[in-house]
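Asks: Got a predicted structure here, sequence first:
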Amino acid sequence: MNFFTLKFTGEKLILIDQTRLPTEELYVEYSDWREVAKSITDMIVRGAPAIGVTAGYGLAMAAQRAVKDGVDFDGLMEEAYEVFRRTRPTAVNLFWAIERMKKRAAALKGNSPAKIAEELVREAHAISDEDVASCKAMGKFGAALLPDECVVLTHCNAGALATADYGTALGVIRAASEAGKKISVYSDETRPFLQGARLTSWELMKDGIDVTLICDNMAGHLMKTRKIDAVIVGADRIAANGDTANKIGTYSVSILAKTHNIPFYVVAPLSTIDFSMESGDEIPIEERSPAEVTAWGGVRVAPEGVKVWNPAFDVSPAQNITAIITELGVARPPFKESLAALKKGI
Ligand code: MRU
């Protein structure tokens, strides 16, 4: 891969600015943990696993800051947990990573703040490394489900840009390609933030994987008129029954796939499964600024003052999902049982 999503230098976090892609490949350096939190809200970094990893590093940076400034360590960390919790509501990996960092800090109680900060950096690195290893494992499990020659459709960006590296849905595509399978990808543009147009097509082209961009409203016609072997998407939060929240528009694609008898695969690490939620009805859906819908790149595409509704995610019901591919294996319906069985392996 000749780009990176995030890198921690020991003191600073470097992020590729995903709001600038594909026109500019710009890397931004962060030395202030509050700015790291803001980078999640502003979607400089986005994608469920990537924001979890970023929060991990951001919390390690908060701990380092508390040590440098000699302020109340526990007080500053409590504030930092809360600031990161408020960045974005839907992707559960964020909350999972915050809880993991918090638990690690609690286990180290009694040590000096400097020692705790050092260990929190280690923990953030572990979260990041495990994310890459999970993506590689999901890639292998997913690639095995695809025929040797295949055409797939993906929605949003669940690639290297949405993880520490390699990707979930795009990890499966990469692994299939690395295994010598001839794979072609259709990428939904993914209005309004254009993750498919700006990010998925950019990263697949960089890897030399065949990609064709379509507008979101072309997916039905695509499935009706061309042979699509599978739909492969990522997830932001999966309820215990398999209902899956992912980027807005995924729900419509899941219905289309079901209608056209096309396998619909969700690829996500176990950290994306929220076993505390019985069904997708409980998943909080982020609503973002109307400005994302009424303008792009500073150009207005709707009349001034028009009313806008901008939900950023939707929930695909479990009955539309063929399988959920995790790092520990492939879960099939009924998901309540198959996901619970995989959880035992964590
Ligand atoms: O709003 P975003 O860009 O953070 O949404 C991202 C998605 O919906 C991805 O499909 C999901 O996080 C999975 S990323 C491996």
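Replies: Noted; the coordinates are in hand.
Asks: contacts for stretch 17-30?
Replies: Taking CB atoms under 8 Å, 6 or more residues apart in numbering as the criterion, the residues outside stretch 17-30 that touch it are 3, 12-16, 36, 39, 42-46, 61, 161, 198-199, 201-202. (Each C-beta comes from the backbone N, C-alpha and C, glycine too.)
Asks: before we move on, what about stretch 50-60?
Replies: With contacts defined as CB under 8 Å, 6+ apart, stretch 50-60 is touched by 5-6, 8, 13, 15, 33, 36-37, 39-40, 45, 77, 80-81, 84, 87-88, 91, 93-94, 96-98, 100-101, 117, 120-121, 123-124, 127-128, 131, 161-164, 271.
Asks: Any residue of that stretch touching the ligand?
Replies: No - when contact is scored as CB under 6 Å from any ligand atom, no part of stretch 50-60 falls within range of the ligand; the minimum is 6.7 Å.
Asks: Strands of the stretch 151-300 of the chain, start to end?
Replies: Listed in chain order, the strands of the stretch 151-300 of the chain (DSSP state E, counting those that start in this stretch) span residues 182-188, 210-214, 230-233, 237-239, 244-247, 264-267, 273-274, 295-296, 299-300.
Asks: List of residues touching the third one?
Replies: Read that as strand 230-233. 142, 145-146, 150, 152-156, 158, 169, 172-173, 246-247, 250, 253-254, 257, 262-267.
Asks: again, 7 Å this time
Replies: When contacts are taken as CB atoms under 7 Å, 6 or more residues apart in numbering, the neighbours of strand 230-233 outside the stretch itself are 146, 150, 152-156, 158, 169, 172-173, 246, 250, 253, 257, 262-267.
Asks: how distant is that strand from the center of its chain?
Replies: If you compare the mean C-alpha spot of strand 230-233 with that of the full chain, they lie 15 Å apart, counting by CA atoms, centre = their mean, to the nearest Å.
Asks: in it, what counts as buried?
Replies: 230-233 (16 or more other CB atoms under 10 Å).
Asks: Quick check: Ile14 touching Lys7?
Replies: Yes - between Ile14 and Lys7 there is a contact under CB atoms under 7 Å: 4.7 Å.
Asks: Just give the nearest non-adjacent residue to Asn2, would you?
Replies: Nearest in space to Asn2, with sequence neighbours left out and distances taken as CB to CB, 6 or more residues apart in numbering, is Lys206 at 6.4 Å.
Asks: Could you check the pLDDT of that neighbour?
Replies: In the prediction, the pLDDT value recorded for Lys206 is 97.
Asks: distance of it from Met277?
Replies: Relative to Met277, Lys206 is positioned 36 Å away (criterion: CB to CB, to the nearest Å).
Asks: State the distance from Gly297 to Thr23.
Replies: Distance, Gly297 to Thr23, by CB to CB: 9 Å.
Asks: Tell me the pLDDT of the residue of the stretch 151-300 of the chain found nearest the ligand.
Replies: Relative to the ligand, the nearest point of the stretch 151-300 of the chain is Gly234 (2.7 Å; CB to the nearest ligand atom). Gly234 carries a pLDDT value of 98.
Asks: Ok, Lys336 next?
Replies: Confidence per residue is given as pLDDT, and for Lys336 that number is 98.
Asks: again with Ala318
Replies: The per-residue pLDDT of Ala318 was computed as 98.
Asks: if I read this right, it contacts Ile238, doesn't it?
Replies: No - counting by CB under 7 Å, Ala318 sits too far from Ile238 to count as a contact (9.0 Å).
Asks: Of the two, give the one with the bigger neighbour count.
Replies: Ile238 (31 against 23; other CB atoms under 10 Å).
Asks: Surely that one touches Pro269?
Replies: No - under the contact definition of CB under 7 Å, Ile238 does not touch Pro269, with a separation of 10.1 Å.
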